[in-house]
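1. here is the input, now give the coordinates:
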Amino acid sequence: MSSPAAERGREVRQRLLTAAVELIPERGWTAVSTRVLAERAGVTPSVVHYHFPSMAELLNEAVLGLMRQVLAASEEQVGEGGDPASTVRAMVASVAEYSGDDPTSMVFLEAYLAATRDAGLRERIGAELRRFRDGVGALLAAHDVPEPDATAAVLAAAIDGLLLHRALAEGPETRAVADVLGRLVPGEE
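-> Now for the predicted structure:
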């Protein structure tokens, strides 16, 4: 059993992470300051640095937590797919709710951009993406899809690209995307 102080500390830490995820799409990665974050979380600026060694580490942890949540939800949906074509449809469906300029998509985009300048963040995001692709690759391999790992990587990259394009221009409907990507794998059994 944890102490009340430890529980309060976990709660404050979570409020800081939540505030960061809210502020990144509103202001942009580099404009999230200690002061603004503390204000949003309802704490003093000194509390931010009590819980995190730097703003970069706080932002990294916040976006990685969100990415894990989104990928876990997608993995759950994809795992229910069954055959390869259903797996592809499930991958596309798992991102249908994201417009490309919604807060979650914006956090991903900001994090990807920040990762181009932060090797540690790049490695941590890369590890999450590899884990996701490995899971999809295993599903595809179980159905004898040729080059399942490469196919999984292409599918994941196509989904990321779709979200990027949605933020910039109206894109194809989800069904059309699923049909096109579905051609990468054998049809339903």
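2. for the protein, which residues score under the pLDDT cut-off?
-> By pLDDT under 70, the low-scoring segments of the chain are 1, 81, 187-189.
3. contacting residues around the residue nearest to the spatial centre of it?
-> Taking Cα atoms, centre = their mean, the centroid of the chain lies closest to residue 67, which sits 2.9 Å from it. Shown in contact with residue 67 (Cβ atoms under 8 Å, 6 or more residues apart in numbering): 108, 111, 125, 128. Backbone N, C-alpha and C define where each C-beta goes, glycine included.
4. quick one: neighbours of the last one, just the number.
-> Residue 128 sits with 14 neighbouring residues when counted by other Cβ atoms under 10 Å.
5. secondary structure element holding it?
-> Using DSSP states H and E, residue 128 sits within helix 119-141.
6. can you pull the buried residues of that helix?
-> Buried residues in helix 119-141, defined by neighbour count with 16 or more other Cβ atoms under 10 Å: 121, 124, 125, 129, 132, 133, 135, 136, 137, 139, 140, 141.
7. show me what that helix is packed up against.
-> Counting contacts by 3 or more Cβ pairs under 8 Å, 6 or more residues apart in numbering; DSSP states H and E, helix 119-141 packs against helix 55-79, helix 84-94, helix 103-115, helix 148-168.
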